[in-house]
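J.: Pasting a predicted model and its sequence here:
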Amino acid sequence: MSNALAPTDAGTPARFEPLKQVSGLLGQPAVKRSLPFVFLIGLVLAGFIAWSMVSTSPQRILFANVSDADKAAISSALDGANIANSIDGSGSITVAEEEYHKARMLLASEGLPKAAPGGYAILDNLPMGVSRAVEGERLRQARETELARSIQEIDAVAEARVHLATPEASAFVRDRAAPSASVIVKLQPGRALGDAQIRAIVNLVASSVPGMQPDAVTIVDQMGALLSRSGGKDASAGDTRIDFQRRVEDKYREQLAQLLTPLVGAGNFTAEVQADVDLDESQATRESYDKQGQVMRAEQGAWTGTSKDGQTPGGIPGTLSNTPPPASTLVAPNAGGAAAITPAAPAAAPQTKQSDSFTRTYETGKEISVTRATPGNVRRLSVAVVLREENGKPRGIAEINQLSELVRAAVGYNATRQDQVTVISRKFSAAADAAKTGPAWYEAEWVPMAARNATALVIALLVLFLGVRPLSRALLKKREDATQRPGLPIGNPNAEGAPAPLPSVSIDMLEDRGNSYDDRVGLVRGFTRENPARAALAVRDMIKADAA
């Protein structure tokens, strides 16, 4: 009566308890029967997601920085060829790594992407009446594009961009500025530009712009590393000296490799060479004179003395001095044939030198010798060779001495230069052995793909054997039990044809609260079939209790 008279608060809302509601919902028989199916579907879905995530090949960027029209055309072409593609957050089109080359060839055959006109073709689209400044900028842009295309023809270069700084021409010499250029190159993966290729790019750009010097060209790669060397002639001369020394050392290393490989085997030795190369260029000039073979080249001077008749010249210079002498008179001989004897003229006195003044120049023999020493002579050589131990044992002293003599002969050992040659035997480390055998098998290209497929297969097998199979067995068993209990089967026939007794139903099984309603009904039917007398007594007691 107290419970009936107790006031109830109908206006009080029921407390919201989600856990109890969810547990009550899951406790319903229909939900319990469907839980295995829901769990099975979730397990299959999880396995499919794991399969798709693991088996998907890594994506690779096909094209980047393309226009929207090209993106639509490229996507349509790939979809038509059944090549999966997608567009990432940066707007680049990506495809599977194994489909990359196929997609590039397909798009190249269709002329995609359709790049905007570049190079000197943009000059064809110039409208009429453009200013001189616009025409100059278009010409510079066309030249940059053409230079970039020329640089991209190099195998190691994937992409290239060229920026030209060409100042306006000026009539004033002081206002003239030299042009310059900047080149940025994107190299192929794992590739690098050699010194010869860098110099080729520098000379290509410098030769394409009037008035540009090679020192005004700067080359940078995609990592921001400066490839071109600056600093003028001094820097280039220093690089040349270093390259020359490196070539000399490489030459000696190749000689040692050719000598030792047939003897000890490839990978069983290491050789290092340090060459002190004389890279200084000297020039000497020497002059020598022959003092014995003197020859007079020129003489200039004058001397004074007496006249022929012994009289000194005198008188007053004038017209008489310029008068020619009178004519001579000849006397004919007499009749008697005897010639007239004339007195003999006295002999002229010899001339007498009183003084002289001469300036003489003599020719002296001269010899000029120029000696120029060419750089490249080796001043000192150091060679170190390490041999691998045979079967973990050091090599013999006799063998090491023989190899030392061979190494000395191969490199041109010279004791006067204080050359040094050292040959020892040591055990190599495991890293050296790994380098000798090459990359491990798990670093091959096919390993990642095989690992993805194997992982996806293992996940599918785990889902099948650990999820699907046990659930299917439990569902089949429950269905068999549900089909056998309502029909009151007597038993299953055994091998002899006799019905096999069903398992007995106990009181504890009936009182078990964990069984569902259908299970309890089946248990009650089995207990009634096995114990009809006890079932009748139980029904009688129930009737008496209801009558009371």
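T.: In hand now; what should we look at? None of the values given here were measured: they were computed from a predicted structure. Residues are numbered from 1 along each chain as shown.
J.: Run through the helices of the stretch 401-548 of the chain in chain order.
T.: 430-437, 446-462, 469-484, 507-511, 517-530, 532-547 (DSSP state H, counting those that start in this stretch).
J.: Can you list the buried residues in the longest one?
T.: Meaning helix 446-462. Going by neighbour count (16 or more other C-beta atoms under 10 Å), the buried part of helix 446-462 is 452, 456, 459-460. The C-beta positions use only the backbone N, C-alpha and C, and glycine is treated the same way.
J.: most packed of the helices of the stretch 401-548 of the chain?
T.: Comparing those by mean neighbour count (mean count of other C-beta atoms under 10 Å), helix 517-530 ranks first with a mean of 16.
J.: What angle do helix 532-547 and that one make with each other?
T.: 120 degrees (axes from the mean of the first three to the mean of the last three C-alpha atoms, to 10 degrees).
J.: Mind giving me the packing neighbours of helix 517-530?
T.: Counting contacts by 3 or more C-beta pairs under 8 Å, 6 or more residues apart in numbering; DSSP states H and E, helix 517-530 packs against helix 469-484, helix 507-511, helix 532-547.
J.: make it 7 Å
T.: helix 507-511 (3 or more C-beta pairs under 7 Å, 6 or more residues apart in numbering; DSSP states H and E).
J.: which element follows the lengthiest helix in the chain toward the C-terminus?
T.: The helix that spans the most residues within the chain, counting by DSSP state H, is helix 232-264. Following helix 232-264 in sequence order, the next helix or strand is strand 269-278 (DSSP states H and E).
J.: avg pLDDT for the helix or strand following that following strand?
T.: Next along the chain after strand 269-278, taking DSSP H and E as the criterion, comes strand 282-305. Strand 282-305 comes out with an average pLDDT of 73.
J.: And stretch 451-467, by the same measure?
T.: For stretch 451-467, the per-residue pLDDT averages 76.
J.: How about residues contacting stretch 532-545?
T.: 527-528 (C-beta atoms under 7 Å, 6 or more residues apart in numbering).
J.: sorry, back to before: which other helices and strands contact the longest helix of the chain?
T.: Using 3+ C-beta pairs under 7 Å, 6+ apart, helix 232-264 is in contact with strand 269-278, helix 397-411.
J.: list the contacts for residue 260?
T.: Taking C-beta under 7 Å, 6+ apart, one finds residue 269 in contact with residue 260.
J.: Stretch 373-380: which residues count as buried?
T.: Residues residue 378 are the ones in stretch 373-380 that count as buried (16+ other C-beta under 10 Å).
J.: Now do the end-to-end distance for that stretch.
T.: Distance across stretch 373-380, first residue to last, is 17 Å (C-alpha to C-alpha, to the nearest Å).
J.: Show me which positions of stretch 267-278 end up buried.
T.: Those would be 268-271, 273, 275-277, for stretch 267-278 by 16+ other C-beta under 10 Å.
J.: I'd like these laid out as CSV, including distance to residue 470.
T.: Below are those laid out as CSV (distance: C-beta to C-beta, whole Å):
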residue, distance to residue 470
268, 59
269, 63
270, 61
271, 66
273, 71
275, 76
276, 79
277, 79
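J.: pretty sure residue 159 contacts residue 186?
T.: Yes - counting by C-beta atoms under 7 Å, residue 186 is a contact partner of residue 159 at 4.1 Å.
J.: shared neighbours of the two, anything?
T.: Contacts common to residue 159 and residue 186, judged by C-beta under 7 Å, 6+ apart, are absent.
J.: next one: the longest helix of the chain to chain centre, how far?
T.: 23 Å (C-alpha atoms, centre = their mean, to the nearest Å).
J.: how many degrees apart are it and strand 269-278 in direction?
T.: Between the axes of helix 232-264 and strand 269-278, defined by the same axes, to 10 degrees, the angle is 150 degrees.
J.: Show me which positions of helix 232-264 end up buried.
T.: Those buried within helix 232-264 under the rule 16+ other C-beta under 10 Å are 245, 248-249, 252-253, 255-256, 259-260, 264.
J.: can you check stretch 103-110 too?
T.: Across stretch 103-110, burial judged by 16+ other C-beta under 10 Å covers 103, 106-107.
J.: Can you flag which of these belong to helices?
T.: 103, 106-107.
J.: for these, which one is nearest residue 394?
T.: Of all those, residue 103 has the smallest distance to residue 394: 58.2 Å, by C-beta to C-beta.
J.: what's near enough to touch the closest one?
T.: Counting by C-beta under 7 Å, 6+ apart, residue 103 has contacts 62, 78, 83, 95.
J.: Same question for residue 94.
T.: 59-62, 85-86, 88.
J.: What distance do you get for it to residue 113?
T.: Distance of residue 94 to residue 113, given as C-beta to C-beta, to the nearest Å: 15 Å.
J.: Now name the helix or strand holding residue 168.
T.: Applying DSSP H and E, one finds residue 168 in no helix or strand.
J.: any idea how far it lies from residue 155?
T.: Residue 168 is 38 Å from residue 155, by C-beta to C-beta.
J.: Check residue 396 too.
T.: 49 Å.
J.: Kindly report the same for residue 457.
T.: On the measure of C-beta to C-beta, residue 457 and residue 155 end up 40 Å apart.
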